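1. Here is a sequence together with a model predicted from it:
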Amino acid sequence: MSSTASQALLKRFANRLNRALDTLGAPALPLDRARFLGNAIEHDAGNVSAMLGSFLMPEWDIFLKICDVTNQQPGYFLNDSITQYPPETRLVKPLGTGENIVIRIPTQYSKEPFTAPDNVWSYVVAKHPMGFGVLPGDYVINCAPAEGTISAIQNRLYLMWCANKFEILKCVDVHPGRSTFTSMSTSKAPGISKILPLDADGQRLKPHYMKEAGIEHLGVIMMTTRSAQLMAHL
């Protein structure tokens, strides 16, 4: 992205950025507004002022910071029609170190329960075979509700961070008051089962139990991606 972008795109980006900043309660005066956003994204206020004035498009890394600060998906700023974007595309953040990435959800999966626009999407790069076909170097992309706890859905795969390691679990059973998750056996460790209690509605995992069990992250896996370089060496 740069100053060579079309006038239509420059105006669209600036208008929607200003609208998003209004929602955040940013100052109305142009210079104060530029400083407000510049401080938030750690970027020069002069360049930010040019973005807000329809004169400049941000570089990609700055653009992703703007998406993060404003809590908007990239298509909100770029697409001709805002309503065409949210159901299919997500900003995905690393669990740990790494770059933000952007993915577009295939249409047949865009209506699933976990694809609500306010869900938090994240990924981890597998460092070892994790079972269920996941190999070292694969990107495991998962999501979880922005607030509250995650639902237990039978036959879905979940990414868990517990005891300083990532693990993939499959929800194999859901009964009133409890759900059962299992991991796949590997050459280094046998598969294990975890019984996780559900809350009163019988769908979501109990928050206090997850905390007591040391589960710091649990997200439903939406997809995995594999680089062409890795595929060439299989």
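-> Structure received. Numbers count the residues shown, from 1 in each chain.

2. Quick one: mean pLDDT for stretch 150-163?
-> Stretch 150-163 carries an average pLDDT of 91.

3. Endpoint to endpoint, that stretch covers what distance?
-> Start and end residues of stretch 150-163 are separated by 19 Å (CA to CA, to the nearest Å).

4. Please spell out which residues along that stretch are buried.
-> Ile150, Ser151, Ala152, Ile153, Arg156, Leu157, Tyr158, Leu159, Met160, Trp161, Cys162 (16 or more other CB atoms under 10 Å). Where C-beta positions appear, they are placed from N, C-alpha and C, glycine not excepted.

5. ok, for the last one, nearest residue in space, not its chain neighbours?
-> Here the nearest residue to Cys162 in space, its sequence neighbours aside, is Ile215; by CB to CB, 6 or more residues apart in numbering that works out to 4.8 Å.

6. try the fourth one
-> When the adjacent residues along the chain are set aside, Ile153 lies closest to Cys171, with 6.0 Å between them (CB to CB, 6+ apart).

7. could you pull out the strands for the chain?
-> Secondary structure of the chain by DSSP state E: the strands cover 89-94, 101-104, 120-125, 139-144, 157-162, 165-175, 178-182, 193-197, 215-225.

8. right, and the residue nearest to Ile153 touches Ala152 too?
-> Yes - taking contacts as CB atoms under 8 Å, Cys171 lies within contact range of Ala152: 5.4 Å.
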